[in-house]
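1. Build me a structure from this.
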Amino acid sequence: MARFLIRRLVLLVAVLFAVTFLGFSAMNFLGDPLFNVVGLMAELDCEGIEAGTVEDTSMDRARSDCETVAAARAEYHLDRPVPVRYVLWVSDLATGDFGTSFQNDQPVSEIIREKLPETLILLVMAQIVSLGVAIPWGVFAAYRANRAFDRTSTVVSFGLLSVPNFALAVVLLYLLALRWQVFPSAYESDTAVGLVFSMILPAVTLGLPLAASYQRLLRTDLITTLQEDFVHMARAKGLPPMRIMFRHALRPSMFSVVTVFGVSTGAMIGGSLVVEQIFGIPGIGREIVTAVVRDDFPVVLAIVMLVACAFVIINFMVDLLYGWLDPRVRAR
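-> Take a look at the predicted model:
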């Protein structure tokens, strides 16, 4: 078990380094962060102005602008090579310093602290919806394999998988919020009950397509597991079918679901960008869209890195869960 954990931890550190370095480098090479800090002053030929080779009717103002540009370069370490800036950025991250927003000089850590809870609540509720729907749905479909319920489930699951998140969000919002008024049409955060209640529709929007994916995988694995000898032995002992399904067959059939659970985290976070916009949820997804539009480099980079690290860590936890589901994995 110790060797298994060490191998996974080494892989985790390597992947985190690769993800953060590539992401940081891409954000620096795709645009000039200095332009987002000082605007058009970034295009000044400060070397020419200082040398007196550039004619300017207002040299004093030009030199003042150049001093502003130089101060911005020094403050944000833009006068150093990218690898050095990466090391400095990671060092700041280790102390909880994500930098300062270019737009309002607000610390990025405060922005994340304000926006992250809503997104976490949404993602957790969406996974609860997806697993809560998929497990009984998949079990019953496997129990009634190739019968009317199973065939209908196949049609419904493929239908849910083919519908984009934004289309499903619009349909649910129109039917359940605007027309029938079962759920609120606007985000509410005054009370805990109001917050959770207003998150139900967004969570269902994100969770139903995942539930369809989980259900198809679980059904297939369960049908295979039901052919195993230990299941035939349980039937020979006269155990009830549902006890066999949930007590004996479900756990060894969860590998595919657990795998997709880890991988789907990234897709669910991506889907939350659209869902938060449609339902007006002030979360991380909505904030990164605003930051991209405004070219707010530190906010975009911090959120992208946070999402990437969360994705890597969740998949690390999935690897550990494999070892619990099947002890043979730990020996590999």
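
2. Find the nearest non-adjacent residue to the residue nearest to the spatial centre of the chain, please.
-> With distances taken as CA atoms, centre = their mean, residue 269 lies nearest the centre of the chain, 3.1 Å away. Leaving aside its sequence neighbours, residue 269 sits nearest to residue 307 (CB to CB, 6 or more residues apart in numbering; 5.4 Å). Where you see a C-beta, it was placed from the backbone N, CA and C, and this is true even at glycine.

3. surely that neighbour meets residue 267?
-> No - shown here, residue 307 and residue 267 do not form a contact pair, counting by CB atoms under 8 Å, at 11.6 Å.

4. you'd agree residue 105 is in a helix?
-> No - counting by DSSP: H, G, I helix; E, B strand; the rest coil, one finds residue 105 to be coil, located in no helix.

5. Quick check: it vs residue 303, distance?
-> Counting by CB to CB, to the nearest Å, the gap from residue 105 to residue 303 is 18 Å.

6. These two: who's more crowded?
-> Higher neighbour count among residue 105 and residue 303: residue 303, with 25 against 7, using other CB atoms under 10 Å.

7. before we move on, back to that, which of residue 307 and residue 267 has more neighbours?
-> For residue 307 versus residue 267, the count of surrounding residues by other CB under 10 Å is larger for residue 307: 21 against 16.

8. who touches the more buried one in this structure?
-> 266, 269, 284 (CB atoms under 8 Å, 6 or more residues apart in numbering).

9. Show only the entries of those residues found in helices.
-> Those of those mapping onto helices are 266, 269, 284, per DSSP state H.

10. Please convert those residues to TSV, extending it with pLDDT and distance to residue 208.
-> Listed next are the ones in helices among the contacts of residue 307 as TSV, based on pLDDT from 0 to 100; distance: CB to CB, whole Å:
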residue	pLDDT	distance to residue 208
266	74	18
269	82	17
284	92	22
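
11. TSV for these, including distance to residue 29?
-> Conversion of the ones in helices among the contacts of residue 307 to TSV gives the following (distance: CB to CB, whole Å):
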residue	distance to residue 29
266	23
269	24
284	24
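
12. Enumerate the positions of the top helix by length along the chain that are buried.
-> When the chain is parsed with DSSP H, its longest helix is helix 108-143. For helix 108-143, a neighbour-count test (16 or more other CB atoms under 10 Å) marks 108-109, 111-112, 115, 118-119, 121-123, 125-127, 129-131, 133-135, 137-143 as buried.

13. now residue 101: how far from residue 292?
-> Look at residue 101 and residue 292: by CB to CB, they are 13 Å apart.
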